[in-house]
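# sequence below, structure please.
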Amino acid sequence: MSNQKKKRQAKEEKPKNPVRATRSKPLPRPAGRASILTEQRRLKMARSPHAYVRGNTAQFYEWIVEANGDSLPHGPAIWICGDCHTGNLGPIANQDGKVEVHIRDLDQTVIGNPAHDMIRLGLSLATAARGSSLSGLTIVHMLEALAAGYESAFEAKHRKPRLPERPEAVHLAMKMAVRRSWQHLAQERIEDLEPTIPLGKRFWPLSQAECKAIDALFRDGAISSLPTGLSGRNDAGKVKVLDAAYWVKGCSSLGRLRYAVLLDVDGGVIEGDDLCLMDIKEGVKAAAPRYEDASMPRDNAERVVEGARHLSPFLGERMRAARMLDRAVVIRELLPQDLKLEIEELNKEEARRVAFYLAAVVGKAHARQMDPTTRRRWLGELRSGRSKSIDAPLWLWTSIVQLVSSHEAGYLEHCRRYATGAN
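Down below sits the predicted model:
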């Protein structure tokens, strides 16, 4: 029997219910997820100061609002990432297969102060540098490079500033991204090339209500058009849910609704090009403060999608907002080219280049939302009030020094409480 016939026969023999509701392996049931996910989140945040920074957006903004908010410049009202750490930047593909480095996670996006993204990125880089045992002098140079990289996006006369040459860490990630295929995505995300999602450490069983809700979601034409709209796929292809599971993924998002859904796009013989992996993620209220007079969607999923369209167009065009189980959710297809930048280890020479480049990526995302006059005014604000001791805005340096100190203390306290079992 040929491989194609075997695949067709296997598909015909699959049960009629496209989403498996029960499995024999004992795994957390829906009612018991919350406590396990909370414990996993606490463990992840205890692994390193950088992990603690990534997983604790709330403490960052508590400090911003209470301790230093009045000393920051009041930047233009634009969409900001809201959680601009290094792990939330990386290669992203658009529907036509073009790959660029963009902001890749917009859960916290709001219309707010762009200075918050600069500070958040600087804190992430400084924490990563400390984790790499780099000196304080190197961190000074990194923050100077961050300021220069961010400002470079506003110096260009045209609306689409070019990014600088990629540092080695980013270049390697880009090379890997453009070479990846469905097989790479399947092996990395679901550890299997077969058209199922294997339950285990990362994927848990669904309730009957979740099964029905997911199946209904992809019967909606607005949602099913996401995978069919990808370049090279049949626009009129039939979308069918093959399998789905609760996805144990992320850190700060642990405990929200999160599902992986495996789809067959064209209804024919199941092969890699016919399959796609969808990510359904609950949209929740942002911790990032927004400008009070800003007009944004009230629905949290619609807010995330709208922010993505402004900050990361490659990602925004591949996202939809919907309602599921009376909650707001964001749906997007995971493409093989979508990668997270892993900036855990830095050396002295690479640190400045990484800081400059990532800041330029964020600056470009901000600048595309401003007219020429607004860009000039914001650039002037960024360059004013500098001291002779550091070639970066003094408010940026002061903020990051204080934040590194407060987060280091918070991290140690978190570890103590985790070790003693305190909530």
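
# name the nearest residue to Asp264, sequence neighbours excluded.
Spatial nearest neighbour of Asp264, chain neighbours left out: Lys240 (4.7 Å); criterion: CB to CB, 6 or more residues apart in numbering. Any C-beta I mention is one placed from the backbone N, CA and C, and that applies to glycine too.

# can you count the residues close to the one you found?
19 (other CB atoms under 10 Å).

# then Leu403?
Other residues lying near Leu403 total 24 when counted by other CB under 10 Å.

# quick check: it touching Glu62?
No - proximity of Leu403 to Glu62 does not meet the contact threshold set by CB atoms under 8 Å, at 10.8 Å.

# where does Asp279 land in three-state SS?
strand (DSSP: H, G, I helix; E, B strand; the rest coil).

# check contacts around the residue lying closest to Pro49 once chain neighbours are set aside.
Spatial nearest neighbour of Pro49, chain neighbours left out: Tyr411 (4.8 Å); criterion: CB to CB, 6+ apart. Contact analysis of Tyr411 by CB atoms under 8 Å, 6 or more residues apart in numbering lists 45, 49, 52-53.

# dump those residues into TSV; add pLDDT, neighbour count and distance to Gly307 as well.
Shown next, in TSV, are these (pLDDT from 0 to 100; neighbours: other CB atoms under 10 Å; distance: CB to CB, whole Å):
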residue	pLDDT	neighbour count	distance to Gly307
Met45	90	23	25
Pro49	86	21	28
Tyr52	88	22	25
Val53	86	28	21
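
# could you provide those in JSON lines, with additional columns for distance to Leu199 and secondary structure?
Formatted as JSON lines, the contacts of Tyr411 follow (distance: CB to CB, whole Å; DSSP: H, G, I helix; E, B strand; the rest coil):
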{"residue": "Met45", "distance to Leu199": "26", "secondary structure": "helix"}
{"residue": "Pro49", "distance to Leu199": "33", "secondary structure": "helix"}
{"residue": "Tyr52", "distance to Leu199": "30", "secondary structure": "helix"}
{"residue": "Val53", "distance to Leu199": "32", "secondary structure": "helix"}
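
# which one of these is nearest to Ile223?
Comparing the contacts of Tyr411 against Ile223 with CB to CB places Met45 closest, at 33.0 Å.

# what residues does that closest one make contact with?
Residues near Met45 by CB under 8 Å, 6+ apart: 51-52, 55-56, 251, 411, 414.

# go again using 6 Å as the cut-off
51-52, 55, 414 (CB atoms under 6 Å, 6 or more residues apart in numbering).

# narrow the residues you listed to just the buried residues.
For the contacts of Met45, a burial check counting by 16 or more other CB atoms under 10 Å picks out 51-52, 55, 414.

# please flag which of the residues you listed sit within helices.
51-52, 55, 414 (DSSP state H).

# what's the closest of these to Arg327?
Gly55 (21.6 Å).

# quick one: the residue nearest the centre of the chain from Thr86, how far?
By CA atoms, centre = their mean, the chain has its centre lying nearest to Asp105, at 2.3 Å. Asp105 sits 11 Å away from Thr86, taking CB to CB, to the nearest Å as the criterion.

# repeat that for Arg309.
Taking CB to CB, one finds Arg309 at 23 Å from Thr86.

# looking at those two, which has the bigger crowd around it?
Thr86 (25 against 15).

# quick check: the residue nearest to Asp264 touching Asp266?
No - contact status for Lys240 versus Asp266: not in contact, 9.3 Å apart, counting by CB atoms under 6 Å.

# domain assignment for the chain?
Domain ranges of the chain: 1-44+197-297+316-336, 48-180+338-423, per automatic domain parsing.

# most tightly packed of those?
domain 48-180+338-423 (a mean of 19; mean count of other CB atoms under 10 Å).

# what's the offset of that domain from the middle of its chain?
13 Å (CA atoms, centre = their mean, to the nearest Å).

# what are the boundaries of the strands in the stretch 201-350 of the chain?
203-204, 240-247, 258-264, 275-282, 319-324, 327-334 (DSSP state E, counting those that start in this stretch).

# make a markdown table out of those and add mean pLDDT.
Listed next are the strands of the stretch 201-350 of the chain as a markdown table, based on pLDDT from 0 to 100:
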| stretch | mean pLDDT |
| --- | --- |
| strand 203-204 | 90 |
| strand 240-247 | 91 |
| strand 258-264 | 91 |
| strand 275-282 | 90 |
| strand 319-324 | 95 |
| strand 327-334 | 93 |
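
# redo the ones you listed as JSON lines? Include distance to Leu146.
Converted to JSON lines, these look like this (distance: least, CB to CB, whole Å):
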{"stretch": "strand 203-204", "distance to Leu146": "38"}
{"stretch": "strand 240-247", "distance to Leu146": "33"}
{"stretch": "strand 258-264", "distance to Leu146": "31"}
{"stretch": "strand 275-282", "distance to Leu146": "29"}
{"stretch": "strand 319-324", "distance to Leu146": "28"}
{"stretch": "strand 327-334", "distance to Leu146": "29"}
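
# now do stretch 301-308: everything it contacts.
79, 106, 109, 283, 296-297, 315-316, 319, 321, 328-330.

# next, give phi and psi for the residue nearest to Leu341 when sequence neighbours are not counted.
Nearest residue to Leu341, sequence neighbours excluded (CB to CB, 6+ apart): Gly90, at 4.4 Å. When read as degrees, to the nearest 10, the backbone of Gly90 gives phi 170, psi 180.

# now the helix or strand containing Ala147 - C-alpha only, CSV.
Element membership of Ala147, judged by DSSP states H and E, is helix 136-155. This file holds the C-alpha atoms of helix 136-155, laid out as CSV (Å, rounded to 0.1, in the frame of the first residue of the first chain):
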residue,chain,number,x,y,z
GLY,A,136,28.5,47.3,35.4
LEU,A,137,30.7,49.3,32.9
THR,A,138,29.4,47.0,30.1
ILE,A,139,25.8,47.7,31.2
VAL,A,140,26.5,51.4,31.0
HIS,A,141,27.7,50.9,27.4
MET,A,142,24.6,48.7,26.6
LEU,A,143,22.2,51.4,27.8
GLU,A,144,24.0,54.0,25.7
ALA,A,145,23.7,51.7,22.7
LEU,A,146,20.0,51.1,23.5
ALA,A,147,19.4,54.9,23.5
ALA,A,148,21.3,55.3,20.2
GLY,A,149,19.6,52.4,18.5
TYR,A,150,16.1,53.6,19.5
GLU,A,151,16.8,57.1,18.4
SER,A,152,18.2,55.9,15.0
ALA,A,153,14.6,55.0,14.0
PHE,A,154,13.5,58.6,14.4
GLU,A,155,16.5,60.1,12.5
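
# and that helix, what does it pack onto?
helix 114-131, helix 348-367, helix 372-383 (3 or more CB pairs under 6 Å, 6 or more residues apart in numbering; DSSP states H and E).
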